[in-house]
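**Q** my questions are about this predicted structure, shown below with the sequence.
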Amino acid sequence: RLQAFRALQEPGTFVSAKGLETFLSQDQQFMCAGGELCGCVVASALARAGLAVLDAEHLERDLLAFLRAFNAEVIDRSLPGRISALPDIAFIPRPAHAETRYVGSWVCPC
């Protein structure tokens, strides 16, 4: 995923929460549908990772930290009791093919 993400970035730039949200909605491994909460989940994951933005100069380090935090954020919000209180679940990754599943793909809310 790093190579696909890196190809979209200009050297010396920063990737905002909005840029990450766009990437997560377009990348075949994630395919997050957006929704009301997606931006909030991305911002919370950035904060959880101790980041405000991703630095293109340190993209490998920052993207890995963000993805770990995003995974934890998706799992926390998908727990019983919390998920039923959410207005939507479009922030949960929904890749098209099983072999591309990664973050939150085990969640099956009913």
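**A** Received, thanks.
**Q** show me the helices in this structure, by range?
**A** 2-7, 17-26, 35-48, 59-77 (DSSP state H).
**Q** export those to CSV and tack on mean pLDDT?
**A** Output for the helices of the chain, formatted as CSV (pLDDT from 0 to 100):
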stretch, mean pLDDT
helix 2-7, 70
helix 17-26, 83
helix 35-48, 87
helix 59-77, 89
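**Q** surely residue 30 meets residue 93?
**A** Yes - if you go by CB atoms under 8 Å, residue 30 and residue 93 touch, sitting 4.4 Å apart. From N, CA and C alone the C-beta is placed, and that goes for glycine too.
**Q** count the neighbours of residue 50 for me.
**A** 10 (other CB atoms under 10 Å).
**Q** for residue 77, see how far away residue 84 is.
**A** 11 Å (CB to CB, to the nearest Å).
**Q** between those two, which one's more packed in?
**A** Between residue 84 and residue 77, counted using other CB under 10 Å, the more crowded position is residue 77 (20 against 9).
**Q** quick one on the thing from earlier: residue 88: which of the helices of the chain is closest?
**A** Closest to residue 88 of the helices of the chain is helix 35-48 (CB to CB; 4.1 Å).
**Q** any idea how far that closest one is from the chain center?
**A** Centre-to-centre, helix 35-48 and its host chain are 8 Å apart (CA atoms, centre = their mean, to the nearest Å).
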